[in-house]
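1. Starting from these lines, generate the structure:
(one chain, ligands or ions: 1)
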Amino acid sequence: MTTARLAEQRGWQLYLVGGAVRDLLLAPEDRLLIQDIDLVVDGFHRAADTAAGVELAKDLQRTCLEARLQVHGRFQTAALLWHDDPQLGSLWIDIATARTEFYPYPAANPEVEASSIRQDLYRRDFTVNAMAIRLTAPRSGELLDFFGGLLDLQLRQIRVLHTNSFIEDPTRIFRAVRFAVRLGFQIDPQTEGYIRHAIASGIYQRVQAEVDRTPALQTRLKQELKYILQAPYWKAAIQLLSDLDALQCIYPSLQLGDRWKQLRLADRWLTRFDPAGSLEHWQILLEVLLMALDPADRGKVAENLQLAADSIQRLQQLDQVEAALADLPDCQRPSQVVQRLRQYDWPTLLLVAIASPRSIRKIIWRYRTTWSQVKAPLDGNDLKALGYKPGQQFKEILETLLLATLDGVVGDRDQALAFLAKHFPQ
Ligand code: CTP
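-> Sure thing, here's the model as predicted:
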């Protein structure tokens, strides 16, 4: 409310907009935690100064010194951030100046110009996201619903505001799916028609042709994929994207096909081996999806999506690693498997396991669950105590001992001592 008072002092109107309004209207009474608040400033009966949002954020920061201020000049927005605040927890408030976005060519970065709140709402994606609540007097608390958002909330449907919405911004296809699945809504049939039309019009080719002019589009696409793949509902969302043929937005030949089995498998392995989530699970699931592409295209698509360098590299090399490990089932002893596999990091092995026949997958599983954990009964300190001299030979002894342990030749300390006396007499 402090923010509303500060806006009133400046003669501006302030609105709560977007997802927070939607979630507020959907939430059961008194039970809503909003950590991401979007505010829009507008003038009275005229457009506000272009920098009003930034000015207001600065005013607010002067009264809340603990908040961090970020200003994004090009889009006339500012953000105030509270991180682990004792009272507020983590909170993110975006303050923008009311604006329309017009797209100078499809899939471009939005250009900005000052305008009124109605136009600001009109440029948004879906009716349920295009409502506002006025926070300033007079009529504070009033809901502004120009496009039937409230009715669509009641009908539980995702409906787009204009025909060209998906052509202007193809990432909205992913957003439509994300909101539909997350909220348990349907995509309204006409909106689905617009999605199919946008896809049939060859969105990917156009986006690629303009990739240098629209890097922000790829960033947003990656962000949407991340949101989807790290959400608990990702399976339903991927299925719906596939049903809509929307995976083509990533690459024309990308199809789910038998990828399901592999995605589920990857999910199970990630949950089993990395329950704490130290790996980026969403990214690995995306890699599994991109494995459906021709090996020659995988790296390029990953680069276009601006995936992390290790992810791009894995996709580029997967084919070679797979070929190099094709004869893994010929290994007679665990020590041979360990010597073959330990040069690869775990995410690479995971992808190979997912992509390979069961016989190879079983060996990688054994490696991961058992053989990679095996330790020799003696370590470097023991060798020193026994009088061996640290140096090159040390490494060789420890390695030989480990391999012998893996193969069951050495089982305990006494056997290890006997093994040393035989093979490395002093
Ligand atoms: N928006 C849009 N088109 C996009 C991205 C965003 O029109 N491609 C608009 C939507 O109106 C959305 C608002 O910008 O409500 C804020 O975007 P974001 O924070 O991504 O959406 P939320 O609705 O807040 O989603 P969430 O609840 O997942 O944070």
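
2. tell me what the helix or strand containing G299 is packed against?
-> Following DSSP states H and E, one finds G299 within helix 295-304. Helix 295-304 sits against helix 281-290, helix 309-324, with contacts defined as 3 or more CB pairs under 8 Å, 6 or more residues apart in numbering; DSSP states H and E. Yep, even glycine has a C-beta here, placed from its N, CA and C like the rest.

3. Output the ones you listed in TSV; the columns should cover mean neighbour count.
-> Formatted as TSV, the entries for the helices and strands packed on helix 295-304 read as follows, by neighbours: other CB atoms under 10 Å:
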stretch	mean neighbour count
helix 281-290	22
helix 309-324	17
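
4. I'd like the ones you listed as a markdown table, with mean pLDDT and distance to L121 appended.
-> Putting those into a markdown table (pLDDT from 0 to 100; distance: least, CB to CB, whole Å) gives the following:
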| stretch | mean pLDDT | distance to L121 |
| --- | --- | --- |
| helix 281-290 | 96 | 31 |
| helix 309-324 | 96 | 37 |
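
5. Now tabulate those in CSV and tack on distance to the ligand.
-> Converted to CSV, the helices and strands packed on helix 295-304 look like this (distance: least, CB to the nearest ligand atom, whole Å):
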stretch, distance to the ligand
helix 281-290, 15
helix 309-324, 23
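
6. Quick one: distance of stretch 398-410 to the chain centre.
-> The gap between where stretch 398-410 is centred and where its chain is centred comes out at 42 Å by CA atoms, centre = their mean, to the nearest Å.

7. can you check stretch 17-25 too?
-> The chain centroid and the centroid of stretch 17-25 are separated by 22 Å, computed with CA atoms, centre = their mean.

8. Let me see the domain layout of this protein.
-> When the chain is parsed with automatic domain parsing, its domains come out as 1-148, 156-254, 257-373, 380-423.

9. Least reliable of those by average pLDDT, please.
-> Per-segment mean pLDDT for those reaches its minimum on domain 1-148, at a mean of 82.

10. Residues of the chain that sit close to the ligand?
-> G18, G19, D36, D38, R124, D125, N129, A130, D169, T171, R172, R175 (CB under 6 Å from any ligand atom).

11. among those residues, who's most crowded?
-> The most neighbours of any of the residues of the chain next to the ligand, using other CB atoms under 10 Å, belong to A130, which has 27 neighbours.

12. picking that back up, most widely separated two among the residues of the chain next to the ligand?
-> Among the residues of the chain next to the ligand, the pair separated by the greatest distance (CB to CB) is D36 and D169, at 19.7 Å.

13. hang on, F146 is in a strand, isn't it?
-> No: the secondary structure assignment for F146 gives coil rather than a strand, going by DSSP: H, G, I helix; E, B strand; the rest coil.

14. Let me know whether it touches Q119 as I believe.
-> No: taking contacts as CB atoms under 8 Å, F146 lies outside contact range of Q119: 9.9 Å.

15. if I look at the spatially closest residue to Y344 that is not a sequence neighbour, how far off is V40?
-> If the residues on either side of it in the chain are set aside, Y344 comes closest to V321, at 6.6 Å by CB to CB, 6 or more residues apart in numbering. Per CB to CB, to the nearest Å, V321 is found 50 Å from V40.

16. same thing with N304?
-> Separation of N304 from V40 (CB to CB) stands at 33 Å.

17. residue boundaries of the strands in the protein?
-> 13-17, 36-42, 68-72, 77-85, 89-97, 99-102, 111-114, 132-134, 143-144, 157-158, 186-187 (DSSP state E).

18. Pick the most buried one from these.
-> Most buried of the strands of the chain, by mean neighbour count (mean count of other CB atoms under 10 Å): strand 13-17, with a mean of 25.

19. which residues touch it?
-> Applying CB atoms under 8 Å, 6 or more residues apart in numbering, the contact partners of strand 13-17 are 3-4, 7-8, 24, 37-44, 48, 56, 98, 117, 120-121, 131-136, 144.

20. what lines up beside that strand in the sheet?
-> strand 36-42 (antiparallel), strand 132-134 (antiparallel) (DSSP bridges).

21. A4 against T136, yeah?
-> Yes: contact criterion CB under 8 Å: A4 and T136 qualify, at 5.0 Å.

22. Can you tell me, leaving aside adjacent residues, what's nearest to R259?
-> Of all residues beyond its chain neighbours, the one nearest R259 is A292 (5.1 Å), with distances taken as CB to CB, 6+ apart.

23. so what's that neighbour up against?
-> L254, Q255, L256, G257, R259.

24. do L26 as well
-> Contact criterion CB under 8 Å, 6+ apart gives L153, L183 as the residues in contact with L26.

25. cutoff 7 Å now
-> Under the criterion of CB atoms under 7 Å, 6 or more residues apart in numbering, the neighbours of L26 are L153.
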